[in-house]
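Asks: Take a look and give me a structure for this.
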Amino acid sequence: MEGIVSPTPPPYRLRIVPEVHEWLRTLRAIDRQASRWVAEALGALIERGPALGRPLVDTLSEGKKPTYPNLKELRPHSGHESAPRILFIFDPDRNAVLLVAGDKAGNWAQWYREMIPLAIERYEDYLKKAEADGE
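Replies: Numbering: from 1, shown residues only. This is a model prediction of the structure:
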């Protein structure tokens, strides 16, 4: 079948900053159900990549002139008492870079004011390190 391109790209890769890796490890230890929901959402992100949309992924706004207009939020299923979120962006190689993670339950507006700048800072650090490493 020459010339036919599969509509499904190969699975996407995750790049996880150490702080998010630690959060995932802690979540697994303290809330197994939330950890399963996060794992399912990450599995969907690996499988669908940039094509994954609502309700699992939403694009975030960082103001009128965003530095990174493709900053996204992974929104796993959540229970009554938790609302786990992971902020991420696709790097130039189309890897999903997980930048910030946490539970925003009860802190809806403030969580974004604090975490979006932190995600941007971590992404810029990630890009600098990748450039220095020759990636």
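Asks: For Arg94, give me its contacts.
Replies: The neighbourhood of Arg94, defined by Cβ atoms under 8 Å, 6 or more residues apart in numbering, consists of 12, 49-50. For the C-beta atoms, the positions are set from N, CA and C on the backbone; glycine is no exception.
Asks: Excluding sequence neighbours, find me the nearest residue to Val17.
Replies: The shortest distance from Val17 to any non-neighbouring residue, by Cβ to Cβ, 6 or more residues apart in numbering, is to Arg122 (5.3 Å).
Asks: Turn the contacts of Arg94 into a markdown table, columns for distance to Arg28, secondary structure and pLDDT.
Replies: Converted to a markdown table, the contacts of Arg94 look like this (distance: Cβ to Cβ, whole Å; DSSP: H, G, I helix; E, B strand; the rest coil; pLDDT from 0 to 100):
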| residue | distance to Arg28 | secondary structure | pLDDT |
| --- | --- | --- | --- |
| Tyr12 | 22 | coil | 85 |
| Gly49 | 24 | helix | 84 |
| Pro50 | 27 | helix | 87 |
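Asks: re earlier: count of neighbours near the residue nearest to Val17?
Replies: With neighbours defined by other Cβ atoms under 10 Å, the count for Arg122 comes to 20.
Asks: where does it land on pLDDT?
Replies: Arg122 carries a pLDDT value of 96.
Asks: ok, now how distant is it from Pro18?
Replies: In this view, Arg122 and Pro18 are 10 Å apart by Cβ to Cβ, to the nearest Å.
Asks: and if you look at Thr26?
Replies: With Cβ to Cβ as the criterion, Thr26 and Pro18 are 13 Å apart.
Asks: between the two, who's got more neighbours?
Replies: For the pair Thr26 and Pro18, the greater number of neighbours falls to Thr26 (12 against 8), based on other Cβ under 10 Å.
Asks: That one: which element?
Replies: helix 18-30 (DSSP states H and E).
Asks: tell me what that helix is packed against?
Replies: When contacts are defined as 3 or more Cβ pairs under 8 Å, 6 or more residues apart in numbering; DSSP states H and E, helix 18-30 sits against helix 32-48, strand 96-103.
Asks: Would you mark the buried spots in that helix?
Replies: Neighbour-count burial for helix 18-30, with 16 or more other Cβ atoms under 10 Å as criterion, is recorded at 20, 23-24, 27.
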